[in-house]
Each structure stands twice: as C-alpha cells, then as structure tokens.
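# have a look at this prediction, sequence included:
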Amino acid sequence: MNNPLATFIDDVLKDKYGSDVPADEHEEMKKELTDKLNQWITLKVMTELAKTSPETLQDFQTMVREKNPTQAEVQEYVAGKIPESSAFLTRILLEFRNTYLGASS
C-alpha cells in the first residue's frame, strides 16, 4: 500500500519539475520536501489547536515531543480535536502545494 503523503509529494515534484529528474536527485528532493511538508502540517495543526484551547495545544506539543507519534496517531489526535479534520487537512495540503508551486492563494 502506498503512503498518500508520499504520493502527494511525488505529484507536487512532478508538477514543478516534470518527469525528467534523475532518480537520485528526485529522492533527495522528495526527502527535503517531505520534511518541509511535515513542518507545514505541524505548524498549521498547532495554529488550529491553539484556537480551540491552550491546553489542547500543550497536549499536542507534549505528545509530539515525548512520544514521537506516527502519522496515524497524529491524524487520530487531530480528528478528535479539530472539527471537519479531513477538510482541514485537505486545505492545508492544497495550501502547501500552491505555495510550493508558486501559485497565489
């Protein structure tokens, strides 16, 4: 089974650079972009959680710092704390894509 975020990253890189990037460069770019995406998601989630309550944000920060949660654990936490979390995550992925590709939002 393919990781949806890995597929998303591949698609964004293809949209920006086409299909002619050498495999070793593509893998390095993919790693760097994955790190940027993870930072982007974390920042957006923290911003949204801060809107709910300082305690919720602090709980999330503690979880991230102490547990090193999996993507599934973060998604489960977000789903329980942010209303319409699927739409929220879709929106932040589209914002990331538009920002990376240089589109105006």
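Nice, I can see it. Not measured: the values here are computed from a predicted model.
# where does the residue nearest to the spatial centre of the chain fall, secondary structure wise?
Here the mean C-alpha position of the chain is nearest to the C-alpha of Ile41 (C-alpha atoms, centre = their mean), at a distance of 3.6 Å. Element membership of Ile41, judged by DSSP states H and E, is helix 23-52.
# could you list the low-pLDDT ranges of this structure?
Counting by pLDDT under 70, the ranges of the chain that qualify are 1-2, 103-105.
# could you dump the helix or strand where Ala87 lies to PDB, C-alpha only?
Using DSSP H and E, Ala87 sits in helix 85-101. C-alpha atoms of helix 85-101 as PDB (Å, rounded to 0.1, in the frame of the first residue of the first chain):
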ATOM      1  CA  SER A  85     -10.400  17.400  10.200                       C
ATOM      2  CA  SER A  86     -10.400  15.800   6.800                       C
ATOM      3  CA  ALA A  87     -11.400  19.100   5.100                       C
ATOM      4  CA  PHE A  88      -8.800  20.900   7.300                       C
ATOM      5  CA  LEU A  89      -6.000  18.500   6.200                       C
ATOM      6  CA  THR A  90      -7.100  18.700   2.600                       C
ATOM      7  CA  ARG A  91      -7.000  22.500   2.800                       C
ATOM      8  CA  ILE A  92      -3.500  22.700   4.300                       C
ATOM      9  CA  LEU A  93      -2.200  20.200   1.700                       C
ATOM     10  CA  LEU A  94      -3.600  22.400  -1.100                       C
ATOM     11  CA  GLU A  95      -2.100  25.500   0.500                       C
ATOM     12  CA  PHE A  96       1.300  23.800   0.700                       C
ATOM     13  CA  ARG A  97       1.100  22.700  -2.900                       C
ATOM     14  CA  ASN A  98       0.100  26.100  -4.100                       C
ATOM     15  CA  THR A  99       2.900  27.800  -2.000                       C
ATOM     16  CA  TYR A 100       5.500  25.300  -3.300                       C
ATOM     17  CA  LEU A 101       4.500  25.600  -6.900                       C
END
